[in-house]
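A.B. asks: I'd like to go over a predicted model; first the sequence, then the structure.
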Amino acid sequence: MFANYLIGLREGLEASLVVCILVAYLVKTDNRSKLPPIWLGVGIAVALSLGVGAALQFGSTQLTFEAQEILGGSLSILAVALVTWMIFWMRRTARHLKAELHGKLDQALAIGTGALVATAFLAVGREGLETALFVWSAVQATDDGARPLTGAVLGLLTAVALGWLFYRGVLRINLAKFFTWTGALLVVVAAGVLAYGIHDLQEADILPGLDNRLFDISATIPPDSWYGTLLKGIFNFQPNPSVLQALFWALYLTPVLLLFLRPARVEPAATAASPKP
């Protein structure tokens, strides 16, 4: 549940900040009449994300066991790739996001209403689709739809509340540190989702080594115990992983976490102009 709360909070806050920037810019430039197309684009993005999540959940139940495992494993790996790209993209572009959105909004205003709808839809839709895919992968990994969905919804509601407080100027936090810490936690969560995706592909006989266990501590940490359930819900922990699962987990987690946490390059200061003679 915590892992899905985190993904809902992280993705939802990014989307909320984008909407806040768009709305604040239109209000500031005296374009309040252009707000309805923005909200229409946001609504379409939310509806599409919910539709994709529902299609994945209900569509996959009509497949055979092998097909379900192939779909679950493939989409889990895709979700890990998207989330990894997202956290590095935000790390690189966060400081320029406001100026970039303002530029796109100016272009959309010049084109017309349809462009405004598309701008809001594309800005929010990316986060929504990533959230739907990642939460669906987590639901498949835990075999429990209620708690992952509850965690994601609570995270999204928290993000919406924080976005409103940011817009009103009531709340100020260090967003750079917030996205750094949540990004690092998401890397750990994504490593568990990747390992579970490998497990699905092994069960579908796409990858070998399902019965080649690295260790088995099921007696120490029973999967149905409260702490076993907690570890599985947060980190997709498995007490008896295969060697291939553990290998992919380590090969993903170690380099990605080191690259993400390394200090960002400091841009060289502009050279001062030499005084005229």
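C.D. replies: Noted; the coordinates are in hand. Numbers count the residues shown, from 1 in each chain.
A.B. asks: apart from its neighbours in sequence, what residue is nearest L6?
C.D. replies: L185 (5.8 Å; Cβ to Cβ, 6 or more residues apart in numbering). Where C-beta positions appear, they are placed from N, C-alpha and C, glycine not excepted.
A.B. asks: looks to me like the one you found is in a helix.
C.D. replies: Yes. Counting by DSSP: H, G, I helix; E, B strand; the rest coil, L185 is found in a helix.
A.B. asks: heads up, I number from 12, so please use that
C.D. replies: Noted, 12 is the first residue going forward, which turns the last one into L196.
A.B. asks: neighbours of S71, how many?
C.D. replies: Summarising burial for S71: neighbours were counted as other Cβ atoms under 10 Å, giving 15.
A.B. asks: with K39 instead?
C.D. replies: 9.
A.B. asks: tell me how far it lies from E141.
C.D. replies: Here the criterion is Cβ to Cβ, to the nearest Å. By it, K39 lies 29 Å from E141.
A.B. asks: one more: L33?
C.D. replies: Taking Cβ to Cβ, one finds L33 at 19 Å from E141.
A.B. asks: between these two, who's got more neighbours?
C.D. replies: The residue with more neighbours, out of L33 and E141, is L33; 26 against 21, by other Cβ under 10 Å.
A.B. asks: next, that one: phi, psi?
C.D. replies: phi -60, psi -50 (degrees, to the nearest 10).
A.B. asks: so what's the residue nearest to it when sequence neighbours are not counted up against?
C.D. replies: Leaving aside its chain neighbours, L33 sits nearest to I49 (5.5 Å; criterion: Cβ to Cβ, 6+ apart). When contacts are counted by Cβ atoms under 8 Å, 6 or more residues apart in numbering, I49 touches V30, L33, V34, L37, L127, V128, T130, A131.
A.B. asks: what about 7 Å?
C.D. replies: By Cβ atoms under 7 Å, 6 or more residues apart in numbering, I49 lies in contact with L33, V34, L37, L127, A131.
A.B. asks: again with G220
C.D. replies: Q213, S253, V254, L255.
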